[in-house]
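1. Predicted model follows, preceded by the sequence.
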Amino acid sequence: SLIASDTGLPALSKIASLIENMCAAKRLKYNIVLVSSGAVGFGCLALKLKKRPVGVMMKQALAATGQAKLMELYGRMFNSLGENCAQVLLTYENLGIRSQYLNAVNTFEALFKLGVVPIVNENDTVAVEELRFGDNDCL
């Protein structure tokens, strides 16, 4: 989890370690993709909510808020190590429509050519089913 269970705050050392390892692998010429989650949790933190709402609309609003905070954190950490990252928001449905799937593939290929690390998360503001189940595994 990106949120430390004991403090309820971002697990910065865990996130930093992950990003340091990713950057080390990238220097060895591996194409690296980070599949992330945590947008709703970061939204709760940003808005200082004590408990996570249950309604889909509220979770979507929190995800929209938290995704910006999450990408800000990732961006600062990657930049501090001399790397750039990019946000790629997808839904399971995007991958099931051939033209959208090919657009995603082309975007990843272009990001790799530019030396940018893609950070993938589900697009919670439109992905009702994924948000309900909280599952990035399919992506």
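-> Alright, I've got the coordinates.
2. Name the nearest residue to the spatially most central residue of the chain, sequence neighbours excluded.
-> The residue lying closest to the centre of the chain (CA atoms, centre = their mean) is Ser36, at 3.5 Å. Distances taken as CB to CB, 6 or more residues apart in numbering put Asn121 closest to Ser36, at 4.9 Å, once the chain neighbours are dropped. Placement of C-beta: from N, CA and C, glycine included.
3. re the thing from before, roughly how far does the residue nearest to the centre of the chain sit from Leu102?
-> Distance of Ser36 to Leu102, computed by CB to CB, to the nearest Å: 23 Å.
4. tell me the SS of the residue nearest to Ser36?
-> Taking DSSP: H, G, I helix; E, B strand; the rest coil as the rule, one finds Asn121 in the strand state.
5. Could you double-check that Leu47 sits in contact with Thr65?
-> Yes: Leu47 is within contact range of Thr65, at 6.4 Å (criterion: CB atoms under 8 Å).
6. neighbour count winner among those two?
-> Thr65 (18 against 12; other CB atoms under 10 Å).
7. ok so that one is a strand residue?
-> No: using three-state DSSP, the assignment for Thr65 is helix, not a strand.
8. Thank you kindly, that will do.
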